[in-house]
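> Generate coordinates for the sequence data below:
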Amino acid sequence: MREIVPGVRIPLSPLNYASLVGTAPASLSRPNADVKLAFWPSHSEEKSSMWFVYVLKSQNSSFRYIGSTNNLKRRFAEHSEGRSQSTKAYRPFKVETFICVDSEWKARKIEKYFKTGSGRAILRKRILMIEQF
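Now for the predicted structure:
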């Protein structure tokens, strides 16, 4: 049983939620559910309100760029073609990772956090899984 602490809210995971409600969502009820794994969002998803926080890695140096956009394919093309002043000198790039969120506000907050010292450490250690010796 969870202990209730005033002011602290820990959301239930989908599995815990399913056990409370009594039925699991379709994606959890059978293995190999219709899970779509694709590098780029589909055309219909691009028109939705999804926002992306992305990390680009230069293929020629150790330079990493953190940014946010509502159209990842377009923004990556802009970086690759040299239309972004801050990344122009470090081309070519690869997308190291990206995170999808449901609002511009969340994307900008995450981007801003990843550009701080502790945010970069979390990004390197927990998301990109880069070990530094």
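> longest single helix anywhere in the protein?
For the chain, the helix with the greatest residue count under DSSP state H is helix 104-114.
> what's that one packed up against?
Judged by 3 or more Cβ pairs under 8 Å, 6 or more residues apart in numbering; DSSP states H and E, helix 104-114 is in contact with strand 51-58, strand 64-69, strand 93-101, helix 117-122. C-beta: built from backbone N, CA, C; applies to glycine.
> between it and strand 51-58, how many degrees?
30 degrees (axes from the mean of the first three to the mean of the last three Cα atoms, to 10 degrees).
> and of the helices and strands packed on helix 104-114, who's closest to residue 80?
Judged by Cβ to Cβ, the one of these that comes nearest to residue 80 is strand 93-101, at 6.2 Å.
> Run through the neighbouring helices and strands of that closest one.
Using 3+ Cβ pairs under 8 Å, 6+ apart as the test, strand 93-101 ends up in contact with strand 51-58, helix 72-80, helix 104-114.
> same thing but 10 Å
strand 51-58, strand 64-69, helix 72-80, helix 104-114 (3 or more Cβ pairs under 10 Å, 6 or more residues apart in numbering; DSSP states H and E).
> most packed of these?
Among the helices and strands packed on strand 93-101, strand 51-58 has the highest mean neighbour count (mean count of other Cβ atoms under 10 Å), at a mean of 21.
> returning to what we had before: and the helices and strands packed on helix 104-114 as a markdown table, adding mean pLDDT and distance to residue 111?
Formatted as a markdown table, the helices and strands packed on helix 104-114 follow (pLDDT from 0 to 100; distance: least, Cβ to Cβ, whole Å):
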| stretch | mean pLDDT | distance to residue 111 |
| --- | --- | --- |
| strand 51-58 | 97 | 5 |
| strand 64-69 | 97 | 4 |
| strand 93-101 | 95 | 9 |
| helix 117-122 | 95 | 9 |
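> Take the ones you listed and write them to CSV, including distance to residue 108.
What follows is the helices and strands packed on helix 104-114, written out as CSV (distance: least, Cβ to Cβ, whole Å):
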stretch, distance to residue 108
strand 51-58, 8
strand 64-69, 6
strand 93-101, 10
helix 117-122, 13
